[in-house]
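Asks: just coords:
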Ligand SMILES: *Cc1c(COP(=O)(O)O)cnc(C)c1O
């Protein structure tokens, strides 16, 4: 198409103001505001200009496009004003799925956010004295209750303080910088982990201005290796939970007791990055060998760091619990101010912790999901399958099979729970196409694929979502 022709086409385009004056735009402007509508018109016109420049229009096609301008503007407006962050149905069976937002919040946590965040609050205000207060008091009192628990074997954990920062990565950074800036931190080579989303212990170490002193080998580290590495620059012994992998075979790692004893003998603090950090006993759901926060503190670890939105089941946060004098050093570090969390986090965290204090574990969604039995999941799955029933479309085939749910989010990689799965196959759609159809549901449904089958695990689906899931399956035909 010639350039002359193109400039004639450009001239046929109306101006933004001309489009704005169209009667159907008036209604839109009243509903969504002048600025948003004008911006959508400009975006649609810019697209048309681009398409003219690319030679995609002749005169007839352009006349059609200009006639359809109002509809295009409405579509553009709907898209630009729609939400990008959307709720989903997690049918993967991975309870703490980082890509799906980790822990869903407890109803009480949402209520507290609603009650306190849309109003002024005593976030940093002492109601008794009328003076300035500290934001940590709101949750520190609850952590004290939860962590200064009945001591079991003579080791009491009194005087434990807790502070809250933005996430566990921030917690590790703050702790290392406060306790070891300018000095050395001893870590086993087998624990120099990278957690998804580029959290690497060596990187965090250098950002904190501490020097990493690696000891042992990837598969074997002994207590002597730590002992030999201690010198006058050593500030801290660090243990890191291997959240997302296991080392098996010819391995050795000193027990936490041995590290505690060494730290005491050499008068050095011992810190443990727990990652997930459970505040309840995972053995009660059949998961062994996953240390809880209380286990580590009872054994004598001085500082533990853990996430708020992993096994704890609360909002994104990094928790630092341990010896009051060490925590006080972190609180007075100016980095703490840069990493602090806001009122939404405190509100949600306080409500989540209160559920623990009341031993109301089922109020915390991730704990409830861990505790629900395979039988109950199987019953719900059967109901869904039989609701779709013999009229299962021509092509869709549903089966119930045994499988495993995963804790995820940096709990022991081998921590799995037995479950029942709905397995889907379809005469005309591949597993990937089935998944795409499920993702297009409102709300989107996220499943996993194994051996050409789509698997749905109801452990991570809220029972009130079963009806929507059933309808989505029925529509697959
Ligand atoms: C998850 C994890 C982190 C990072 O925690 P965030 O809350 O995601 O910042 C750090 N260390 C370990 C061992 C973890 O498992």
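Replies: Sure, I can see it. Quick caveat, the model's predicted, so the values are computed rather than measured. Numbering: from 1, shown residues only.
Asks: So out of everything in the chain, what residue is nearest the ligand?
Replies: At 2.2 Å from the ligand, residue 275 is the closest residue in the chain, using CB to the nearest ligand atom. All C-beta spots, glycine's among them, are computed from the backbone N, C-alpha and C.
Asks: Run a quick neighbour tally on that residue.
Replies: Residues lying near residue 275 (other CB atoms under 10 Å) number 24.
Asks: Same question for residue 452.
Replies: Residue 452: 10 neighbours (other CB under 10 Å).
Asks: residues touching it, list them.
Replies: By CB atoms under 8 Å, 6 or more residues apart in numbering, the contact list for residue 452 reads 425, 430-431.
Asks: Can I have the buried ones of those as a PyMOL selection?
Replies: Buried residues among the contacts of residue 452 (16 or more other CB atoms under 10 Å), as a PyMOL selection:
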select buried, resi 425+431
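Asks: Could you tell me which of the contacts of residue 452 belong to helices?
Replies: Of the contacts of residue 452, the ones assigned to helices by DSSP state H are residue 431.
Asks: Dihedrals phi and psi, the residue nearest in space to the middle of the chain?
Replies: Centrality entry for the chain: nearest residue to the mean C-alpha point is residue 102, 3.1 Å, by CA atoms, centre = their mean. With angles defined as degrees, to the nearest 10, residue 102 sits at phi 50, psi -130.
Asks: what about the closest residue to it other than its chain neighbours, neighbour count?
Replies: Once flanking residues are discounted, residue 102 sits nearest to residue 309: 4.1 Å by CB to CB, 6 or more residues apart in numbering. Using other CB under 10 Å, the number of residues around residue 309 comes to 27.
Asks: Which secondary structure state is assigned to residue 309?
Replies: Classification of residue 309 using DSSP: H, G, I helix; E, B strand; the rest coil returns coil.
Asks: in terms of contact, does it touch residue 100 like I think?
Replies: No. Using CB atoms under 8 Å as the test, residue 309 is too far from residue 100 to be in contact (11.4 Å).
Asks: sorry, back to before: what distance do you get for the residue nearest to the centre of the chain to residue 462?
Replies: Using CB to CB, to the nearest Å, residue 102 is found at 15 Å from residue 462.
Asks: Would you mind giving the contacts of residue 452 as a markdown table with distance to residue 34 and pLDDT added?
Replies: Shown next, in a markdown table, are the contacts of residue 452 (distance: CB to CB, whole Å; pLDDT from 0 to 100):
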| residue | distance to residue 34 | pLDDT |
| --- | --- | --- |
| 425 | 52 | 94 |
| 430 | 47 | 96 |
| 431 | 48 | 97 |
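Asks: Go through the contacts of residue 452 and name the one nearest residue 45.
Replies: residue 430 (40.2 Å; CB to CB).
Asks: contacting residues around the closest one?
Replies: Listed by CB under 8 Å, 6+ apart, the contact partners of residue 430 are residue 452.
Asks: got the phi/psi numbers for residue 188?
Replies: For residue 188, the backbone dihedrals (degrees, to the nearest 10) come out as phi -70, psi 140.
Asks: Need the nearest residue in space to it, chain neighbours excluded.
Replies: Distance criterion CB to CB, 6+ apart; nearest residue to residue 188, sequence neighbours excluded, is residue 221 at 3.9 Å.
Asks: The stretch 251-400 of the chain: helices as residue ranges?
Replies: Using DSSP state H, counting those that start in this stretch, the helices of the stretch 251-400 of the chain run over 256-265, 293-299, 324-331, 334-339, 343-357, 365-371, 374-388.
Asks: likewise the stretch 1-150 of the chain?
Replies: Using DSSP H, counting those that start in this stretch, the helices of the stretch 1-150 of the chain run over residues 3-12, 16-20, 23-32, 34-53, 59-67, 69-80, 107-117, 137-147.
Asks: Mind putting the ones you listed into a markdown table with mean pLDDT and mean neighbour count?
Replies: Shown next, in a markdown table, are these (pLDDT from 0 to 100; neighbours: other CB atoms under 10 Å):
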| stretch | mean pLDDT | mean neighbour count |
| --- | --- | --- |
| helix 3-12 | 82 | 12 |
| helix 16-20 | 94 | 15 |
| helix 23-32 | 92 | 13 |
| helix 34-53 | 95 | 17 |
| helix 59-67 | 92 | 13 |
| helix 69-80 | 94 | 16 |
| helix 107-117 | 97 | 17 |
| helix 137-147 | 93 | 18 |
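Asks: Of the ones you listed, which is nearest residue 375?
Replies: Closest of these to residue 375 is helix 107-117, at 25.0 Å (criterion: CB to CB).
Asks: Show me what from the stretch 151-300 of the chain comes close to the ligand.
Replies: Residues of the stretch 151-300 of the chain found near the ligand (CB under 6 Å from any ligand atom) are 167-169, 195, 199, 240-241, 243, 273, 275-276.
Asks: Narrow those to those in strands?
Replies: 195, 199, 240, 273, 275 (DSSP state E).
Asks: Name the member of the residues you listed with the most neighbours.
Replies: Top of these by neighbour count (other CB under 10 Å): residue 273, with 27 neighbours.
Asks: show me what contacts that one?
Replies: Contacts of residue 273 by CB under 8 Å, 6+ apart are 168, 172, 201, 238-241, 304-306.
Asks: so how far is residue 431 from it?
Replies: Going from residue 273 to residue 431 by CB to CB gives 38 Å.
Asks: Same question for residue 294.
Replies: Applying CB to CB to residue 294 and residue 431 gives a distance of 43 Å.
Asks: Check residue 388 and give its pLDDT.
Replies: Note on residue 388: pLDDT of 89.
Asks: Equivalent analysis for the one 5 residues further on, please.
Replies: In this model, residue 393 is scored at 68, pLDDT.
Asks: same thing with the one 4 residues further on?
Replies: According to the per-residue confidence, residue 397 scores 93 in pLDDT.
Asks: beta partners of it?
Replies: Note on residue 397: beta-bridge partners by DSSP bridges are residue 425.
Asks: quick one: it from residue 29, how far?
Replies: Remark: distance between residue 397 and residue 29 (CB to CB) = 51 Å.
Asks: Run through the residues that contact the closest residue to residue 284 other than its chain neighbours.
Replies: Spatial nearest neighbour of residue 284, chain neighbours left out: residue 371 (7.8 Å); criterion: CB to CB, 6+ apart. Residue 371 is in contact with 284-285, 361-362, counting by CB under 8 Å, 6+ apart.
Asks: was I right about the residue of the chain closest to the ligand contacting residue 308?
Replies: No. Residue 275 sits out of contact with residue 308 when judged by CB under 8 Å, with a separation of 11.9 Å.
Asks: got any ranges where the protein has weak pLDDT?
Replies: Scanning the chain with the threshold set as pLDDT under 70 gives 1-4, 149-158, 195-197, 243-248, 390-393, 410-414.
Asks: can I see the domain layout of it?
Replies: Following automatic domain parsing, the chain resolves into domains at 3-80, 88-96+369-474, 107-360.
Asks: So what's the gap between the second one and the chain middle?
Replies: If I follow you right, that is domain 88-96+369-474. How far domain 88-96+369-474 lies from its chain's middle: 21 Å, per CA atoms, centre = their mean, to the nearest Å.
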